[in-house]
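>>> Fold the following, please.
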Amino acid sequence: RSDPGTGTLHRTALLATAPGAVVALGEPGSSAALDVPLLRDRPLLDGAPAAYVCRGFTCDAPVGDPEALERSLRN
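Numbers count the residues shown, from 1 in each chain. I've put the predicted structure just below:
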């Protein structure tokens, strides 16, 4: 959570999502991430913060760039 990239991705997700969307934030391997099914098996992206956009039971490939996250959330 202390990584600036995490804050940027989190802020992007919060600003770009529709009402009713779920935004979950956690550190891979932490007890909080293990307790939240949405965060299980969601690793970092080459050691950097990653965002996963999921719809239904399918998740897109992880992104680490805020612009790519915005595009993914718009689709």
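
>>> what about the helices in the protein?
In the chain, the helices defined using DSSP state H lie at 4-16, 31-35, 66-74.

>>> nearest to Val23, of those helices?
helix 4-16 (4.8 Å; C-beta to C-beta). Where you see a C-beta, it was placed from the backbone N, CA and C, and this is true even at glycine.

>>> now the closest one, how far from the chain's geometric center?
Remark: helix 4-16 is offset 8 Å from the chain centroid, using C-alpha atoms, centre = their mean, to the nearest Å.

>>> now it against helix 66-74, angle please.
Angle, helix 4-16 to helix 66-74, by axes from the mean of the first three to the mean of the last three C-alpha atoms, to 10 degrees: 30 degrees.

>>> What residues of helix 4-16 count as buried?
Judged by neighbour count (16 or more other C-beta atoms under 10 Å), helix 4-16 contains these buried residues: Gly5, Thr6, Thr8, Leu9, His10, Thr12, Ala13, Ala16.

>>> ditto for stretch 23-41
Along stretch 23-41, these residues count as buried under the neighbour rule (16+ other C-beta under 10 Å): Leu25, Gly26, Ala33, Leu39.

>>> Can I get these in CSV including distance to Leu69 and pLDDT?
Below are the buried residues of stretch 23-41 laid out as CSV (distance: C-beta to C-beta, whole Å; pLDDT from 0 to 100):
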residue, distance to Leu69, pLDDT
Leu25, 13, 89
Gly26, 16, 88
Ala33, 19, 79
Leu39, 16, 87
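
>>> Out of these, which comes closest to Arg71?
Proximity of the buried residues of stretch 23-41 to Arg71 was ranked by C-beta to C-beta; the top entry is Leu25 with 20.2 Å.

>>> which residues touch the nearest residue to Ser72 once chain neighbours are set aside?
Residue nearest to Ser72 in three dimensions, not counting chain neighbours: Val53, with 4.4 Å by C-beta to C-beta, 6 or more residues apart in numbering. Contact analysis of Val53 by C-beta atoms under 8 Å, 6 or more residues apart in numbering lists Cys59, Asp60, Val63, Leu69, Ser72, Leu73.

>>> Also Thr6?
Thr6 touches Leu25, Pro49, counting by C-beta under 8 Å, 6+ apart.

>>> Alright, I will stop here.
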